[in-house]
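In: take this sequence and fold it.
(one chain, ligands or ions: 1)
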Amino acid sequence: MDTRIGFGYDSHAFKAGVPLRIGGLSLEHPEGLAGHSDGDVLLHALTDALLGSVAAGDIGSFFPPSDPRWKGADSGVFLKLALEELEHAGYRLVNADITLILAAPKIGPVNGEMRARVADLLGAEMEQVSIKAKTPEGLNLDHVAQCHAVVLVERVQEDDELKSMSAVIETQKQLEDVVDDLLASVHGVPKKRPVSPLFDTDDIT
Ligand code: MG
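Out: Residues are numbered from 1 along each chain as shown. Just a heads-up that it's a prediction; the model follows:
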């Protein structure tokens, strides 16, 4: 299996009067996360992990904070681009393991909903996404939210095989040979080739 890993990290300070968005969810809390976009610290770390897994740069190189287009942007947009880069490189997600570090709010009560939301944004199953939350004990960072994300990705093998197959298929005969080979390898069907008559007997008068 051809696999790669990616790691992403992000942090945002809490700020009064800003809606709190984490993991694509709006959470009830007196403060939100300050940022040029919606400040979704989890989606930013996950985006960087995906981009990093295929060495495609980082979130800042695609969406510079100086660009007014991304002011208040839904961070799902950033994740979507990272998934496109992953697909373009010929890889797909195996799983993501994410750790949030924040004093409040408690993530436990919304953990399931958050995993489902992140899985949905990734086009993945909930079982492929893990979200853990810890408090910043001893760090004196109660007004900061941090997130670490690790992803494992694997090469999409089918694409490679189909590409190499299509490269050699130039005639109908070659296509039939490829189909026969596939049937023989998958179902154990012995190769059969109809014997063409040397001449059309109907033409004999
Ligand atoms: Mg960020």
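In: which residue ranges of the protein form helices?
Out: With helices called from DSSP state H, the chain shows them at 41-53, 59-62, 76-88, 111-122, 157-168, 172-187.
In: of those helices, which approaches residue 146 most closely?
Out: Closest to residue 146 of these is helix 41-53 (C-beta to C-beta; 6.9 Å). (C-beta placed from N, C-alpha, C; glycine too.)
In: so which residues on the chain come close to the ion?
Out: Neighbours of the ion within the chain, by C-beta under 5 Å from the ion: 10, 44.
In: indicate the residue of the chain located nearest to the ion.
Out: residue 44 (3.6 Å; C-beta to the ion).
In: identify the bridge partners of the nearest residue to that residue once chain neighbours are set aside.
Out: Among residues not flanking residue 44 along the chain, residue 10 sits closest, at 4.0 Å (C-beta to C-beta, 6 or more residues apart in numbering). Beta-bridge pairing for residue 10 (DSSP bridges): residue 147.
In: over to residue 98?
Out: Beta-bridge partners recorded for residue 98 (DSSP bridges): residue 131, residue 149.
In: wait, isn't it in contact with residue 131?
Out: Yes - contact criterion C-beta atoms under 8 Å: residue 98 and residue 131 qualify, at 4.9 Å.
In: which neighbours do those two have in common?
Out: Residues touching both residue 98 and residue 131 (C-beta atoms under 8 Å, 6 or more residues apart in numbering): 42, 118.
In: returning to what we had before: for the residue nearest to residue 44, give me the pLDDT.
Out: Per-residue confidence at residue 10 stands at 97 (pLDDT).
In: now the weakest link among the helices of the chain, please, by mean pLDDT.
Out: helix 157-168 (a mean of 66).
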